[in-house]
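# I would like to see how this sequence folds:
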Amino acid sequence: MKKQSSKLEDLPNEILLEFFQYFDACKLFQLFYNLNYRFNNLVKSFQPLKLIFPMELSTNNQINDQYLFPSFTHTLIVARAININLNRFHNIRCLKLECPLKRVIAQLNSHVLPYLEHLFISHLDTMTADNEWTSL
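The predicted structure is shown next:
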C-alpha cells in the first residue's frame, strides 16, 4: 500500500480561511505571508483580520512597526496603557481598548477611524477629572 502524504498547501481555500481565524495578524503574517503567491493572496484577502497588542509587547509600551499590518487589520485589540497611533489603522471596524491612554482616546473620531462600527473601552482612568474626559 502506497503512503499518501498531505500538505497544508493541498487544502482548499475555504478550509484555510477557516483555519486563519485562529491567528492574530502578527502570527498570520509571520507564518503564512511570503510562502507563495496563493498564500499571500489568501492572507491579504482575509477579512476578519485582528491585531492584538499585549502589554508584554515592549518594555516602554511603544508599538514596533514590524507588528503593523494597518491596511489589512479590521479588529484592533490594544491592551493596558499601550501607546498607539490610530491614524495608521484606517480600515478598523472593531476597536477594543483596555485602560487606554488619554492620547489614544483623543484620537477617536470619524476622520481617523471612518469605518469604525464597534468600540469597546474598559477601565477608564477614574482618577481623571470628569471635565478632562469630556474635553476630548
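# ok, K3 - how many residues close by?
When neighbours are counted by other CB atoms under 10 Å, K3 registers 4. For every residue, glycine as well, the C-beta is placed using N, CA and C.
# give the helix, strand or coil label for it.
Assigned with DSSP: H, G, I helix; E, B strand; the rest coil, K3 falls in the coil class.
# what ranges do the helices span in this protein?
13-20, 25-32, 37-45, 102-105, 130-134 (DSSP state H).
# out of these, which is the most enclosed?
helix 25-32 (a mean of 17; mean count of other CB atoms under 10 Å).
# relative to helix 37-45, how tilted is that helix?
Per axes from the mean of the first three to the mean of the last three CA atoms, to 10 degrees, the angle that helix 25-32 makes with helix 37-45 is 170 degrees.
# quick one, helix 25-32 and helix 13-20 angle?
130 degrees.
# all strands for this structure, in order.
Per DSSP state E, the chain carries strands over the ranges 50-53, 75-78, 94-98, 118-122.
# possible to save these as TSV with mean pLDDT and distance to E9?
Conversion of those to TSV gives the following (pLDDT from 0 to 100; distance: least, CB to CB, whole Å):
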stretch	mean pLDDT	distance to E9
strand 50-53	67	24
strand 75-78	85	27
strand 94-98	91	31
strand 118-122	93	34
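# kindly reformat those as JSON lines containing distance to L28 and mean neighbour count.
Output for those, formatted as JSON lines (distance: least, CB to CB, whole Å; neighbours: other CB atoms under 10 Å):
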{"stretch": "strand 50-53", "distance to L28": "9", "mean neighbour count": "20"}
{"stretch": "strand 75-78", "distance to L28": "12", "mean neighbour count": "20"}
{"stretch": "strand 94-98", "distance to L28": "17", "mean neighbour count": "19"}
{"stretch": "strand 118-122", "distance to L28": "21", "mean neighbour count": "11"}
